[in-house]
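Asker: Just the structure for this:
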Amino acid sequence: MWEHRAVSHKQFKQSGRINPTETYVQLMDKVEDAVKEAQKMPFDHEEFLKYIPQHGPWEPIHATDDTKADPRTRYIGPGRPKLLNTNLIFGSTWIESERFKFERRISSLSDFLKQKTVVNANMWTPKQLVTTQTFFFCSTGDEERLGGSLLTGETVSANHPFLGGGEEGLAEWEPVLWGLGHRGVVPDSDPQDKVYYPSLMHRGVAFNNRLGWIRYSPAGFGKDASGYLMTKPTTWIHPAVDGNRDTATSFNLLVNLPDRRISFGEEGITDVFMTTGKTSLYTMMGMMSSSTVRQMFGAGSEMVPLEFHCIEPGLDEWIKNSNDEDKYARLFEVTACLGYMLTDPKVGSLGGAAKRRRLLMYPHDQGNLLTCVNASQVADHALKSNYAATVFTKLDQADFMNRVARRYKAYADLVTASDFAKGARWISQAMIGDDKILGPNVHSILAVRGYDILNLDEYMESFNDVSASPERLIRRVVQSVATNALKTLYPMDMLGESSGAQPFSHIFAPAGSNEQALVYYTDIRFLVPTSIDKLRMITGARGADRGRMREAYAQLTGADPMTGLSIIDLCLPFLADLGEESWQTGTGLNEDEIIVEVTMAVNPAIVWKNLLEPTTLEIFDLPKGKKGTAANVWGDMFMTNDALHDKMTKDGQGHYLNLLRLCYNWSNDKAHDIHGLN
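Answerer: Predicted coordinates for the structure are as follows:
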């Protein structure tokens, strides 16, 4: 069913044609050879220093007890190239052209990939230089916009977004191989219509960065809102990602290398970027049924858990801007999709970190989201492997680690089931037929995240014990950044300020015993693109204790700042865009721009109600003249299709099917009660 033929770049160069002649096993050997070559290159620190501009983080400074004069000893150490992690991007809405209008310095996918490559390929730790690879999965119609697809027999045009010659005649990206599978076998598609994609390595960074570029886009699998439930992913998506060496898939080409340590370091897949659309969901389901792919999901740590990043519009915007038919269909399906990510037993057994994971929601209209997320990934790894990247004064590193671990467990136990905690349920219960069915337990932490950008002066003032700057900044964080992030899962009328001394206490620490907090825990990180030595010199006199910000947070929210708030200042010296003469161009951030990252763990028991309650508010005319609910309009056909249910269960989608049933029945029963329907 899934044909596997492809062509290496070497063969393409010789023949000038993209024609599938090599076998999967031959290709695997070629990929491994290319990978080994890239990893053999020792890091040439003397050559590297020639790239470094003599300003910004690399400015020469006098050696003191705390600082070293030579930047090699300050940042690099005996660096060896290593592939640290793999990012998967499901669903093209994460990086669609609409996204780019919110980015100041990114105008195309090529720019985004270059930024990701440069920022990640030059992550620094005292021991090694590390890099990432990125795989894309998208649906039909996206090939042209994303660039890079080539039909059989085509040649590469000079203005190709990645492989074209550019001004100097040199392509910015170097293909490792061509031909990651054909267009798929679905009804009405032509099995001969084969589409090939290059797997890329970026030039011009300290060492070669491997970048996977995998897409499958069969005809007949478009973006229509109807038919979401009826599309059978097992026809093509599951075979595209569920494979092993005997029945290889296109995805296996770069993930199924025999020696996991060579191909992935120790981390594996640590970040999955997705939407709640069907491409994302079905791809994830296909991966969960493949033992080969599952073993590539690396273990996170409590510092950096395995994270799923999901992007959606605000709840109110969504309801307001969609037509009736689409609006309710999407609300049901988003409830089920998020429920799948948070409760599915197969997803629950991925990774490490005491089996804790995090599903992060980002607002769709967040400015500079792509840049900030890339910076955040660098920060995660810098923090994980080099705590000296943070400005510590009153806390030593061991204490910092203990506090992070303790806090993480404390708020995770509120949400996720463990040996001594019940955890939350996704949809408390519903009557299905005559049986009362309980919703499944949540196993991952649900969080929202927003960003803001400060200039260096604003940031430095936040250390000042005398000025009002710490209070102003916390108010800005809670009032705008947090509200913008929370609107993805909560309606705006739950988020406004209340009167009284603590205007946000209804969100963070409600007084009533029967009320639950919407937010359990807030994590604020300042990502500062400068050197740790420089920052310590500036802040040394003032200290890096964030007491004033904690007090202001407590005044606004009523939450206990010691267990409900964490503030970290992190230095990322490779992040700043340091001008044309260095490789640090195209990163998207200037030296005097500090990213404020606000992450809040939210209460999933309230979220699913927010998503489903709008579906209970209206009643509709059904075809036979009766009045019905949004659930009837959306799901009656589906709920009575026993043959489809059996097929879904057989295909390993039984858990997802139960979530859809729970959504339908909870909404339908509640709407009947509200409107007095018989």
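
Asker: number of nearby residues for Leu575?
Answerer: Residues lying near Leu575 (other C-beta atoms under 10 Å) number 31. C-beta here means a position set from N, CA and C on the backbone, and glycine is covered the same way.

Asker: Nearest residue to it in space, please, no chain neighbours.
Answerer: Pro529 (3.9 Å; C-beta to C-beta, 6 or more residues apart in numbering).

Asker: One more: Gly652?
Answerer: Ser289 (4.9 Å).

Asker: is it true that that neighbour touches Gln653?
Answerer: No: under the criterion of C-beta atoms under 8 Å, Ser289 makes no contact with Gln653, lying 9.3 Å away.

Asker: Quick check on these two: which one has the bigger neighbour count.
Answerer: Using other C-beta under 10 Å as the criterion, Ser289 and Gln653 rank with Gln653 on top: 25 against 16.

Asker: So the more buried one is in contact with Met285, correct?
Answerer: Yes: in this structure, Gln653 is within contact of Met285 by C-beta under 8 Å, at 6.2 Å.

Asker: Now do stretch 498-509, average pLDDT.
Answerer: Across stretch 498-509, pLDDT averages out at 88.

Asker: same question, stretch 8-22
Answerer: Mean predicted lDDT for stretch 8-22 stands at 76.

Asker: now swap in stretch 239-249 and tell me
Answerer: For stretch 239-249, the mean per-residue pLDDT is 70.

Asker: Then stretch 605-612?
Answerer: For stretch 605-612, the per-residue pLDDT averages 94.

Asker: Buried residues of stretch 557-570, list them for me.
Answerer: Thr557, Gly558, Ala559, Pro561, Gly564, Leu565, Ser566, Ile567, Ile568, Asp569, Leu570 (16 or more other C-beta atoms under 10 Å).

Asker: Save the residues you listed as JSON lines, and put in pLDDT and secondary structure too.
Answerer: Shown next, in JSON lines, are those (pLDDT from 0 to 100; DSSP: H, G, I helix; E, B strand; the rest coil):
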{"residue": "Thr557", "pLDDT": "92", "secondary structure": "helix"}
{"residue": "Gly558", "pLDDT": "90", "secondary structure": "coil"}
{"residue": "Ala559", "pLDDT": "88", "secondary structure": "coil"}
{"residue": "Pro561", "pLDDT": "82", "secondary structure": "helix"}
{"residue": "Gly564", "pLDDT": "83", "secondary structure": "helix"}
{"residue": "Leu565", "pLDDT": "87", "secondary structure": "strand"}
{"residue": "Ser566", "pLDDT": "85", "secondary structure": "strand"}
{"residue": "Ile567", "pLDDT": "87", "secondary structure": "strand"}
{"residue": "Ile568", "pLDDT": "84", "secondary structure": "strand"}
{"residue": "Asp569", "pLDDT": "84", "secondary structure": "strand"}
{"residue": "Leu570", "pLDDT": "83", "secondary structure": "strand"}
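
Asker: How far away from the center of its chain is the helix or strand harbouring Leu662?
Answerer: Leu662 belongs to helix 654-675 when assigned by DSSP states H and E. From the chain centre to the centre of helix 654-675 is a distance of 29 Å (C-alpha atoms, centre = their mean, to the nearest Å).

Asker: list the helices and strands that helix packs on?
Answerer: Contacts defined by 3 or more C-beta pairs under 8 Å, 6 or more residues apart in numbering; DSSP states H and E place helix 654-675 against helix 324-343, strand 429-432, strand 435-438, helix 604-612, strand 627-629, helix 630-639, helix 642-650.

Asker: Output that helix as PDB, restricted to C-alpha atoms.
Answerer: Below are the C-alpha coordinates for helix 654-675, written out as PDB (Å, rounded to 0.1, in the frame of the first residue of the first chain):
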ATOM      1  CA  GLY A 654     -11.200   3.700  20.800                       C
ATOM      2  CA  HIS A 655     -10.100   6.300  23.400                       C
ATOM      3  CA  TYR A 656     -10.800   9.200  21.000                       C
ATOM      4  CA  LEU A 657     -14.200   7.700  20.100                       C
ATOM      5  CA  ASN A 658     -15.100   7.600  23.800                       C
ATOM      6  CA  LEU A 659     -14.100  11.300  24.200                       C
ATOM      7  CA  LEU A 660     -16.400  12.200  21.200                       C
ATOM      8  CA  ARG A 661     -19.200  10.200  22.800                       C
ATOM      9  CA  LEU A 662     -18.700  12.000  26.100                       C
ATOM     10  CA  CYS A 663     -18.700  15.400  24.400                       C
ATOM     11  CA  TYR A 664     -21.900  14.600  22.500                       C
ATOM     12  CA  ASN A 665     -23.900  13.200  25.400                       C
ATOM     13  CA  TRP A 666     -22.800  15.700  28.000                       C
ATOM     14  CA  SER A 667     -23.700  18.600  25.700                       C
ATOM     15  CA  ASN A 668     -26.900  17.000  24.500                       C
ATOM     16  CA  ASP A 669     -28.200  16.200  28.000                       C
ATOM     17  CA  LYS A 670     -27.400  19.600  29.400                       C
ATOM     18  CA  ALA A 671     -29.000  21.400  26.500                       C
ATOM     19  CA  HIS A 672     -32.100  19.300  26.900                       C
ATOM     20  CA  ASP A 673     -32.300  20.300  30.500                       C
ATOM     21  CA  ILE A 674     -31.700  24.000  29.800                       C
ATOM     22  CA  HIS A 675     -34.300  24.300  27.000                       C
END
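
Asker: between that helix and helix 604-612, how many degrees?
Answerer: 70 degrees (axes from the mean of the first three to the mean of the last three C-alpha atoms, to 10 degrees).
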